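Engineer: Coordinates for the following, if possible.
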Amino acid sequence: MNEKRTGQRTIALGVPPSVLSFANIGGKFEAQGPLSGYFDELSQDSFFGEKTWEKAESAMQKRVVQRALDQARLKPKDIHYILAGDLLNQCIGSSFGLRELGIPFYGLYGACSTMGESLSLAAMLIDGGFAERTAAVTSSHFCTAERQYRMPVPYGSQRTPTAQWTATASGCTILGREGPGPYITHVTCGKIVDKGISDPNNMGAAMAPAAYDTLSAFFRDTGTGPKDYDLIITGDLGELGHGIVRDFFSRSGVELGDNFQDCGLLLYDRDGQDMHAGASGCGCSASVLNGYLLTEMRRGRWKKIIFAPTGALLSPTSSFQGESIPGICHAVCISAEK
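Structural biologist: Presented below is the predicted three-dimensional model:
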């Protein structure tokens with residue numbers, strides 16, 4: 001094994017895998033947001049040329065992987081493993097979208113944390129000597145998520161102020177043993193954290209404790225603090241959850257500062273687009289990472305960031321049965337240098 005343990009949950013990768021290429025796709029609301037210029041493809045058609053929204057999500061995954069392959073000048077046969085997930089039952093967005101590529105496939109479910117989970121495992125496969133090149137991909141679609149988790153879109157149900165808007169987006173990162181960077185240097189596996197939040201319209205509050213737990217473990221294991229990073233960005237906590245995490249750290253004597261951000265607060269113009277507490281869905285953090293974050297890292301804006309997407313591990317059945325909402329957060333340290 002090439003990895004070197006630095007703590008109980010954080011692994012320092014001995015051979016930091018390089019980002020070879022990245023790509024993202026978004027829908028019409030993503031096209032109206034402040035990060036629209038960082039998308040490789042934007043569509044005004046929520047069906048993406050397909051007959052159903054579920055098929056549209058699969059089409060997004062297939063197209064975003066192909067874009068990433070083209071940018072790296074690779075063929076599907078050059079990728080040793082692809083790790084993918086989405087929000088749909090049995091991860092059909094991923095399995096149906098990628099079935100024709102013929103790449104060895106690991107289907108993952110980490111809810112909105114899936115981009116962090118897939119990127120962590122893809123990096124460890126390379127560092128462990130099990131692969132030369134891997135791909136991490138995930139997606140979400142507003143209409144498929146609404147149909148599965150809440151109300152069918154035609155119903156026109158009202159959204160609470162704490163509700164977030166599921167992004168119609170997908171992102172893919174291709175990693176290699178050698179390359180120009182940026183590099184994956186550390187990964188921290190999240191623990192399931194459940195503080196009893198049971199409101200499915202308040203995902204930020206449900207996921208915030210997991211973000212605090214994982215980031216605390218990362219800082220503790222690596223002996224670093226918030227000031228050692230140019231950017232610390234969580235995924236899909238939205239306005240409420242982002243504030244809760246900042247408050248948790250403040251109470252423990254740690255100030256996160258201005259370099260603490262959230263993908264759910266960046267994707268949309270929340271005033272102009274009326275997205276309430278912000279964006280959600282695993283396509284949110286995936287598209288922000290594989291557009292805005294990695295592009296700006298290659299331009300030299302940031303040298304070292306922590307990417308820590310969060311997920312709410314609920315299902316419609318668990319909510320109907322009155323269960324609380326467990327949260328998860330996986331953290332990945334991305335550096336311009338090995």
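Engineer: who's in contact with residue 32?
Structural biologist: Neighbour list for residue 32: 268, 269, 272, 273 [criterion: Cβ atoms under 8 Å, 6 or more residues apart in numbering]. Yep, even glycine has a C-beta here, placed from its N, CA and C like the rest.
Engineer: Just give the number of residues close to the first one.
Structural biologist: So the one you mean is residue 268. By the criterion of other Cβ atoms under 10 Å, residue 268 has 24 neighbours.
Engineer: And it, how close does it get to residue 253?
Structural biologist: The gap separating residue 268 from residue 253 is 33 Å, by Cβ to Cβ, to the nearest Å.
Engineer: excluding its backbone neighbours, what's nearest residue 319?
Structural biologist: Counting by Cβ to Cβ, 6 or more residues apart in numbering, residue 319 lies nearest to residue 200, which is 5.1 Å off, once chain neighbours are set aside.
Engineer: Against residue 206, how distant is that neighbour?
Structural biologist: Residue 200 is 8 Å from residue 206, by Cβ to Cβ.
Engineer: Could you tell me which residues touch both of these two?
Structural biologist: In contact with both residue 200 and residue 206: 312, 314, 325, using Cβ under 8 Å, 6+ apart.
Engineer: State the distance from the first one to residue 149.
Structural biologist: As defined by Cβ to Cβ, residue 312 lies at a distance of 10 Å from residue 149.
Engineer: So for the two, which residues contact both of them?
Structural biologist: With contacts taken as Cβ under 8 Å, 6+ apart, residue 312 and residue 149 have residue 200 as neighbours in common.
Engineer: Show me which of those two is the more surrounded one.
Structural biologist: In this comparison of residue 312 against residue 149, neighbours counted by other Cβ under 10 Å, the higher total goes to residue 312 at 24 against 17.
Engineer: which ones are touching the more buried one?
Structural biologist: 111, 112, 200, 203, 206, 207, 325, 326, 327 are the contacts of residue 312 under Cβ under 8 Å, 6+ apart.
Engineer: Need the buried ones from the residues you listed selected in ChimeraX.
Structural biologist: With 16 or more other Cβ atoms under 10 Å as the burial test, the buried ones among the contacts of residue 312 are selected in ChimeraX as follows:
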select :111,112,200,203,206,207,325,326,327
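Engineer: Give me the subset of the contacts of residue 312 lying in strands.
Structural biologist: Taking DSSP state E, the ones among those that sit in strands are residue 327.
Engineer: Turn the contacts of residue 312 into TSV, columns for pLDDT and distance to residue 54.
Structural biologist: What follows is the contacts of residue 312, written out as TSV (pLDDT from 0 to 100; distance: Cβ to Cβ, whole Å):
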residue	pLDDT	distance to residue 54
111	91	17
112	91	18
200	77	20
203	80	21
206	90	25
207	93	25
325	91	24
326	95	25
327	96	26
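Engineer: Output the contacts of residue 32 in JSON lines; the columns should cover pLDDT and distance to residue 145.
Structural biologist: Written out in JSON lines, the entries for the contacts of residue 32 read as follows (pLDDT from 0 to 100; distance: Cβ to Cβ, whole Å):
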{"residue": "268", "pLDDT": "86", "distance to residue 145": "15"}
{"residue": "269", "pLDDT": "84", "distance to residue 145": "21"}
{"residue": "272", "pLDDT": "78", "distance to residue 145": "22"}
{"residue": "273", "pLDDT": "72", "distance to residue 145": "17"}
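Engineer: Since that was my last question, I'll sign off now.
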